[in-house]
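Enquirer: task: produce atomic coordinates for the following.
(chains A and B)
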Amino acid sequence: MINRLANPARFMRWSATVLPWCGRVTVAVVALGLYLALVAAPPDYQQGESVRIMYVHVPAAWMALSVYLFIAVASATSLVWRHPLAEIAAAAAAPIGAAFTFVCLATGSLWGRPMWGAWWVWDARLTSVLVLFFLYLGYIALVNAFDEPGRGARAGSVLALVGVVNLPIIKFSVDWWNTLHQPASVMRLDGPRIDPSMLVPLLVMAAGFLMLFLTLLLLGMRAALNERKALVLRLNSAPTPGRVAVRERPVAAQSPVR
Amino acid sequence: MVGDVGYYLAMGGYAAFVWPAYGTALVVLGGLAWHSWRRYRASADTLEKLQRELPARR
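Expert: Numbering: from 1, shown residues only, chains lettered A, B, ... in the order given. Purely as a prediction, here's the structure:
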């Protein structure tokens, strides 16, 4: 199935059908999630209304980690099998992951100030998520640093795979080190330790963020494929004087590999 | 009624933290969505223009 859909021409065809529906579902689920989070969910018995920040912060954190994992898997796929769409998918996912990570950090800070009395603490959880944010920025910078898209994607893939080490550090940082950050209360081996009246809004918001990711991913991949196709068209149809100029470059200026 | 809205917006005294949190998420994710859409439209328009012009030149 993945193999069949991974042909760029076929991807453009099916994504054109799927994309509008992804967009509509995203809007509907996020709207429902916002209603549940801001109106229907009860205030916390300890944190009061400030707990509503959780419905943005926690799904954003889940997406920050999941999108990075997605980039790592896509990077491995593009390195090992040279899948034409894998590197495009990885590159398109990176800005979305960076945005989710930023939202996670900003909302966490806004939640930390009233609850911990500090906008920021340099503990393991917060620092490792900040490192994740810089990994995203580094990946984006690296992928765009080369004139030839393929080389940038290969360099980015290696960085993405090395950075995977950070994911378990983020996940288990609250268990391994002393921290102000609370430990996991949903993704636990013994089941979620959170009341359904709060768990349901949280999961709906998470579903909304996931749909947003898929929508923006398809949109970004389609844009990247359009841009590459336009580049190929331009190169293939370069006017003759331009070609002569390229051929007549002095030998020293050409790359030694050729 | 106005009092109810004011009470709701006050978020139990946490309005200064809850609303900026939702606002940040809206601006960042909404901004990314808007930017992605613009880039997609631009790429589709450019490609269409090229495909229309190039066969004529050949």
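
Enquirer: count the neighbours of residue 14 for me.
Expert: In the absence of a named chain, this looks at chain A. The number of residues packed near A:Trp14 is 13, by other Cβ atoms under 10 Å in any protein chain shown. The C-beta positions use only the backbone N, C-alpha and C, and glycine is treated the same way.

Enquirer: switch to chain B, that's the one I care about
Expert: Per other Cβ under 10 Å, the neighbour tally for B:Tyr14 reads 23.

Enquirer: for it, give me its contacts.
Expert: For B:Tyr14, the contacting residues are A:Gly48, A:Glu49, A:Ser50, A:Pro114, by Cβ atoms under 8 Å, 6 or more residues apart in numbering or on different chains.

Enquirer: pLDDT weak spots in the stretch 101-250 of chain A?
Expert: For the stretch 101-250 of chain A, the stretches flagged by pLDDT under 70 are A:239-250.

Enquirer: just want the residue of it that's nearest chain B.
Expert: A:Asn226 (3.6 Å; Cβ to the nearest Cβ).

Enquirer: find the residue closest to that residue in space, skipping its chain neighbours.
Expert: The shortest distance from A:Asn226 to any non-neighbouring residue, by Cβ to Cβ, 6 or more residues apart in numbering or on different chains, is to B:Ser43 (3.6 Å).

Enquirer: ok, back up a step: hmm, the residue of the stretch 101-250 of chain A closest to chain B is touching B:Arg41, no?
Expert: No. Assessed by Cβ atoms under 8 Å, A:Asn226 is found out of contact with B:Arg41, at 9.8 Å.

Enquirer: could you measure from the nearest residue to A:Ser50 once chain neighbours are set aside over to B:Gly23?
Expert: Spatial nearest neighbour of A:Ser50, chain neighbours left out: B:Tyr14 (4.1 Å); criterion: Cβ to Cβ, 6+ apart. To B:Gly23, B:Tyr14 is 14 Å away according to Cβ to Cβ, to the nearest Å.

Enquirer: ditto for B:Thr46
Expert: 34 Å.

Enquirer: which of the two has more neighbours?
Expert: Using other Cβ under 10 Å as the criterion, B:Thr46 and B:Gly23 rank with B:Thr46 on top: 17 against 13.

Enquirer: wait, the more buried one sits on A:Lys229?
Expert: No. Between B:Thr46 and A:Lys229 there is no contact under Cβ under 8 Å: 9.6 Å.

Enquirer: which residues of chain A lie near chain B?
Expert: When proximity is defined as Cβ under 8 Å from any Cβ of the partner chain, chain A approaches chain B at A:34, A:38, A:43, A:48-50, A:52-53, A:56-57, A:60, A:95-96, A:99-100, A:102-103, A:106-107, A:110-111, A:113-114, A:212, A:215-216, A:219-220, A:222-224, A:226-227, A:229-230, A:233-234, A:237.

Enquirer: from the residues you listed, which ones fall inside strands?
Expert: Within these, no residue falls in strands by DSSP state E.

Enquirer: please state the offset of the longest helix belonging to chain B from the chain centre?
Expert: Longest helix in chain B by number of residues (criterion: DSSP state H): helix B:15-57. With Cα atoms, centre = their mean, to the nearest Å as the basis, helix B:15-57 stands 8 Å off its chain's centre.

Enquirer: who in chain B is up against chain A?
Expert: Applying Cβ under 8 Å from any Cβ, we find that chain B lies next to chain A at B:11-14, B:17-18, B:20-22, B:24-25, B:28-29, B:32-33, B:36-37, B:39-40, B:42-44, B:46-47, B:50-51, B:54, B:57-58.

Enquirer: which strands and helices sit next to the host helix or strand of A:Leu69?
Expert: Assigned by DSSP states H and E, A:Leu69 belongs to helix A:54-80. Applying 3 or more Cβ pairs under 8 Å, 6 or more residues apart in numbering or on different chains; DSSP states H and E, we find helix A:54-80 packed against helix A:84-116, helix A:124-143, helix A:149-163, helix A:166-176, helix A:196-236, helix B:15-57.

Enquirer: indicate which one of those helices is closest to A:Met12.
Expert: helix A:196-236 (6.2 Å; Cβ to Cβ).

Enquirer: what residues are up against the residue nearest the centre of chain A?
Expert: Nearest to the mean C-alpha position of chain A, counting by Cα atoms, centre = their mean, stands A:Gly97 at 2.3 Å. By Cβ under 8 Å, 6+ apart, the contact set of A:Gly97 is A:Met63, A:Ala64, A:Val67, A:Tyr68, A:Phe70, A:Ile71, A:Tyr136.
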